[in-house]
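S.K.: can't give you the sequence, but here's the structure:
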C-alpha cells in the first residue's frame, strides 16, 4: 500500500523546493519578478479551468441524480 504524503507537507515541501530553485538561479529580483508573474498567471488560469470543470461535473451529477428520482 502506497502512503500518500499529506497535503500540508506536500505544500511545505513545494515551497522549500521553489525557494531553493530561486536561490540556485542566482538571478536578480527584477528578472525573477516577471517570470514569477507569468507562472502565477498560468496557475491562475489553470485554477479557473479546474473550477469550471468541477462545476460542470457537479451540475451533470446533480442532473443525473434528479433524473433517477
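M.R.: Ah, there it is. Remember, it's a predicted structure, so these values are computed and weren't measured experimentally.
S.K.: give me the pLDDT for residue 21.
M.R.: pLDDT recorded at residue 21 is 96.
S.K.: that one is in what secondary structure piece?
M.R.: When elements are assigned from DSSP states H and E, residue 21 belongs to helix 7-25.
S.K.: give the next helix or strand downstream of that helix.
M.R.: Using DSSP H and E, the first helix or strand after helix 7-25 is helix 29-68.
S.K.: pLDDT averaged over that following helix - what is it?
M.R.: Per-residue pLDDT over helix 29-68 has a mean of 96.
S.K.: which elements pack onto it?
M.R.: Using 3 or more Cβ pairs under 8 Å, 6 or more residues apart in numbering; DSSP states H and E as the contact test, no helix or strand touches helix 29-68. Where C-beta positions appear, they are placed from N, C-alpha and C, glycine not excepted.
S.K.: what angle sits between that helix and helix 7-25?
M.R.: Relative orientation of helix 29-68 versus helix 7-25 (axes from the mean of the first three to the mean of the last three Cα atoms, to 10 degrees): 150 degrees.
S.K.: gap between helix 29-68 and the chain center?
M.R.: How far helix 29-68 lies from its chain's middle: 8 Å, per Cα atoms, centre = their mean, to the nearest Å.
S.K.: any buried residues in that helix, and which?
M.R.: Using 16 or more other Cβ atoms under 10 Å as the test for burial, helix 29-68 gives no buried residues.
S.K.: buried stuff in the helix holding residue 21?
M.R.: Per 16+ other Cβ under 10 Å, helix 7-25 contains no buried residues.
S.K.: centre of the chain to that helix, how far?
M.R.: Remark: helix 7-25 is offset 14 Å from the chain centroid, using Cα atoms, centre = their mean.
S.K.: repeat that for stretch 57-69.
M.R.: Distance, centroid of stretch 57-69 to centroid of chain: 27 Å (Cα atoms, centre = their mean).
S.K.: same question, stretch 5-21
M.R.: 12 Å.
S.K.: what about residue 24, distance to residue 5?
M.R.: Here residue 24 is placed at a distance of 23 Å from residue 5 (Cβ to Cβ, to the nearest Å).
S.K.: do the same with residue 59
M.R.: 32 Å.
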